[in-house]
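J.: compute the structure for the input listed below.
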Amino acid sequence: MNRSFARRGITLIEVTTVSGLMAFLALLLSSAWIGMGRPTVDVIVRGGLFQEIDTAVAALAQDLGGSMAGPDARLGGKTKYRWVGWMMPAAGELWLCYDGGAEPDGDANWSGDDTVIKYMADGDSLVRYNQNTGTTFTVARKLESITVTDVDSEFISIALTFQHREITRSCTLLVRKPVN
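T.: Reported below is the predicted structural model:
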């Protein structure tokens, strides 16, 4: 008698082999998926840092333009609200003085009728403070440092460094000192 046995179902070895291959395939796919997301996140972070740099540079350029800027137009002229002085009283601070009063004298008095604008690091933010009006607003975020150096008798250098996650970006402004 010749008996033949027909297989019904799958064996334990076959199930184990297929399960192992599926786990390996899932591991490969998850690694590939994670790797594809990193460049996208880096692009988003870089774009955000460049926006912060643009905002900070625009605010500084407006204030360092030679005269006090106003909401509607330039308030300053050849004498009134003209930028007449700067100083860095502490690390991470830049003070700008604009000549004021009925009869501007062309000197930075740092009080009275002169308008004083302070840029300072506040945690991870660059803050602009108007000493005369008492108004403060955040210019940019993710600030790592602000450094102001006296380059020579004619120029000052303002270096801004921004950092988010592992990405760091810097910019340096070279500014002509005010002429009295």
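J.: which elements pack onto the host helix or strand of residue 19?
T.: Using DSSP states H and E, the element containing residue 19 is helix 12-63. Under the contact definition 3 or more Cβ pairs under 8 Å, 6 or more residues apart in numbering; DSSP states H and E, helix 12-63 sits against strand 115-122, strand 125-130, strand 135-141, strand 155-164, strand 167-176. In short, each C-beta sits where N, CA and C put it, glycine included.
J.: in JSON lines: the ones you listed, plus mean neighbour count, distance to residue 90 and mean pLDDT.
T.: Converted to JSON lines, these look like this (neighbours: other Cβ atoms under 10 Å; distance: least, Cβ to Cβ, whole Å; pLDDT from 0 to 100):
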{"stretch": "strand 115-122", "mean neighbour count": "18", "distance to residue 90": "8", "mean pLDDT": "91"}
{"stretch": "strand 125-130", "mean neighbour count": "18", "distance to residue 90": "13", "mean pLDDT": "93"}
{"stretch": "strand 135-141", "mean neighbour count": "15", "distance to residue 90": "17", "mean pLDDT": "92"}
{"stretch": "strand 155-164", "mean neighbour count": "18", "distance to residue 90": "15", "mean pLDDT": "91"}
{"stretch": "strand 167-176", "mean neighbour count": "14", "distance to residue 90": "19", "mean pLDDT": "90"}
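J.: so for residue 58, which of the ones you listed sits nearest?
T.: Residue 58 lies closest, by Cβ to Cβ, to one member of the helices and strands packed on helix 12-63: strand 135-141, at 8.8 Å.
J.: so where's this structure shaky on pLDDT?
T.: Low-confidence segments of the chain, defined by pLDDT under 70: 1-7, 35-38, 67-79, 180.
J.: tell me which residue is most central in it.
T.: residue 52 (3.7 Å; Cα atoms, centre = their mean).
J.: show me what contacts that one?
T.: Taking Cβ atoms under 8 Å, 6 or more residues apart in numbering, we find residue 52 in contact with 140, 141, 142, 143, 162.
J.: just residue 105 next, same as before
T.: residue 99 are the contacts of residue 105 under Cβ under 8 Å, 6+ apart.
J.: doesn't it lie inside a helix?
T.: No: Residue 105: not assigned to a helix; according to DSSP: H, G, I helix; E, B strand; the rest coil it is coil.
J.: please begin residue numbering at 54 from this point
T.: Sounds good: first residue 54 from here, last item residue 158.
J.: and it, how close does it get to residue 133?
T.: The gap separating residue 158 from residue 133 is 11 Å, by Cβ to Cβ, to the nearest Å.
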